[in-house]
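> Attaching a predicted model along with its sequence, questions to come.
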Amino acid sequence: MPAIEIRQLKKSFGLKPILRSVDLTLHQGQRMALLGANGAGKTTILRILAGLIKPSAGTVSVLGLDIIQDVQQIRRCVGFVGHQSYLYEELTIVENLLFFARMYTVPHAQERVHELVRRVGLERRAHERVGALSRGQVQRVALSRALLHAPHLLLLDEPDTGLDQEGSELIDALLAEHIALGGSILFTTHLLERVLQQSDRIVILGSGRVIYNREIAGLDYDELQRAYGEVAN
Amino acid sequence: MTEIRIFFLHVIAILWKDIRYELHSKQTWLGMGMFALLVLVIFNFTFDLRVDNVSAVAPGVLWIAFIFASLLGLGRTLAAEREQNSMDRLLLCPVDRKAIYLAKLLGNLLFIGVVEIVALPIYALLFNVPLPAALLLIVLLGTLGIATIGTLFSVMAAATRARELLLPILVFPLIVPVVISVVRATQQLMAPTVNEPPWIGLLIAFDVIFLSVSMLTFQYVIEE
């Protein structure tokens, strides 16, 4: 059973079509990079898969579950890191993570929260307000929030935003662990080096359709840059 | 874990989060409390209160203070969620949307209730009226009516730019039956008259209707 199976997905906001017909399959244990110019529909696909918005047409299934019929079950097995942190700035790191742990009914929530805070290197700031953290630190907490309930599928919208070298390495380690445990990742990025290092398959969107879809194995940087450049221009 | 247990654990978690948020930001309680007290004091200076007209005037003053202060609080129902201009944080979670509504409603009842508990003795002092135990029941039922409608429409208004303006425009016409019932029930308590409709019964009926409709429609209001 694929982690994600999308067939003829269409999405419009008002009269403006964003996704015209997208077909895409992500197998379990795989990492897929989703690329495209701004406005290509990358975030829209992630938001549909996270159960935040509904498709206008087409079928979407996550781990065999239908996005319309089984959306609550899908929310239980998906972790989402978006452009926004989805954290409460007035609450501390621990208060935020404990709240979301309760929302996902995570067993042994206290231990799980403290384990993740330690893993992302923020144990000294655990009781500080999220509003007082730097952008990179907020991004680390956001990833902890997405991993709290040990989801099968991670959806990451430009996860590198604001991260320094150390932060990037920490997050790469957490994502590698997620894959080693059999999880899958769909992420968007504009960094081609990251695509080559961190994904098994690349999909490029253009004009609301998939216009490039191939495995990373055997792909070199120049070819990737050429393919991406054609879309961007 | 049963679905019902999870439902109530979610309600408690969201409510507790909102209380923690308010304790950190201290924006809602202080604003509402100050507003209610100012309204009571201003009306006390404005009206020529005598023994023969106090029962006709004082209930109206009390409920004007409570309703306007409530609207200040209701406007902040989604203050925490609006931080990043969206409800997505809660909508991402596998939570029954009714649990979100119930938690927000209980939060509003708590915030408004605290302000009312502080304002009631001051009202009694300023207007020289008694505070019978039955008044607490009327206040509870009236607040429930205002909060059920107010919580639903605060979510609706939150999606618009003119939310502060839109909320009272949406809520005031709908709470008219509750306002009439609570003012008349409070008057009845101060100066009982014969042949009055059962205002408390009507208030309970309005609350049940408002609560049922709000619970059923909240999911469609909150989601895309």
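Looks like it came in fine.
> So, low pLDDT: which residues of chain B?
The model of chain B has pLDDT under 70 over residues B:1, B:51, B:79, B:83-86, B:224.
> Which other helices and strands does the helix ranked longest in it contact?
Ordering each helix of chain B by length in residues (DSSP state H) puts helix B:97-127 first. The helices and strands touching helix B:97-127, judged by 3 or more Cβ pairs under 8 Å, 6 or more residues apart in numbering or on different chains; DSSP states H and E, are helix B:3-25, helix B:28-46, helix B:54-74, helix B:133-158, helix B:199-222. The way it works is simple: take the backbone N, C-alpha and C, and place the C-beta from them, glycine included.
> With just CA atoms, put the helix-or-strand element of chain A with minimal mean pLDDT into CSV.
Between all helices and strands in chain A, the lowest mean by mean pLDDT, DSSP states H and E belongs to helix A:221-232, at a mean of 81. This file holds the C-alpha atoms of helix A:221-232, laid out as CSV (Å, rounded to 0.1, in the frame of the first residue of the first chain):
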residue,chain,number,x,y,z
TYR,A,221,23.2,18.1,-10.2
ASP,A,222,23.5,19.6,-13.7
GLU,A,223,20.5,17.6,-15.1
LEU,A,224,18.4,18.5,-12.0
GLN,A,225,19.3,22.2,-12.4
ARG,A,226,18.4,22.1,-16.1
ALA,A,227,15.0,20.4,-15.4
TYR,A,228,14.2,22.9,-12.6
GLY,A,229,15.4,25.8,-14.7
GLU,A,230,13.1,25.0,-17.5
VAL,A,231,10.1,25.0,-15.1
ALA,A,232,11.2,28.2,-13.3
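> And chain A, split by domain according to the record?
Chain A breaks down into these domains under automatic domain parsing: A:1-77+A:153-159+A:179-233, A:84-150.
> ok so A:Ala150 is a strand residue?
No. Using DSSP: H, G, I helix; E, B strand; the rest coil, the assignment for A:Ala150 is coil, not a strand.
> Skipping adjacent residues, who's closest to it in space?
Leaving aside its sequence neighbours, A:Ala150 sits nearest to A:Leu181 (Cβ to Cβ, 6 or more residues apart in numbering or on different chains; 7.8 Å).
> That neighbour: neighbour count?
10 (other Cβ atoms under 10 Å in any protein chain shown).
> which phi and psi does it have?
Dihedral pair for A:Leu181: phi -90, psi 10, per degrees, to the nearest 10.
> Please report the distance of it from chain B.
Distance from A:Leu181 to chain B, counting by Cβ to the nearest Cβ, to the nearest Å: 20 Å.
> ditto for A:Ser199
According to Cβ to the nearest Cβ, A:Ser199 and chain B sit 24 Å apart.
> Test my guess that that residue contacts A:Leu26.
No. Assessed by Cβ atoms under 8 Å, A:Ser199 is found out of contact with A:Leu26, at 10.5 Å.
> if we compare the helices and strands packed on helix B:97-127, which one ends up closest to chain A?
Closest of these to chain A is helix B:3-25, at 3.8 Å (criterion: Cβ to the nearest Cβ).
> Please point out which parts of the lengthiest helix in chain A sit buried.
In chain A, with assignment by DSSP H, the single longest helix is helix A:165-180. Of all the residues in helix A:165-180, those buried under the rule 16 or more other Cβ atoms under 10 Å in any protein chain shown are A:167-168, A:170-172, A:174-175, A:178-179.
> Which residue comes closest to the residue positioned nearest the centre of chain B once chain neighbours are left out?
Central residue of chain B (Cα atoms, centre = their mean): B:Ala147, 3.6 Å from the mean position. Spatially, and ignoring its direct neighbours in sequence, B:Ala147 is nearest to B:Asn108 (4.4 Å; Cβ to Cβ, 6+ apart).
> what residues does chain B put near chain A?
Selection of chain B residues close to chain A by Cβ under 8 Å from any Cβ of the partner chain yields B:1, B:6, B:9-10, B:13-14, B:16-17, B:20-21, B:24-25, B:80, B:83-84, B:86, B:88-96, B:224.
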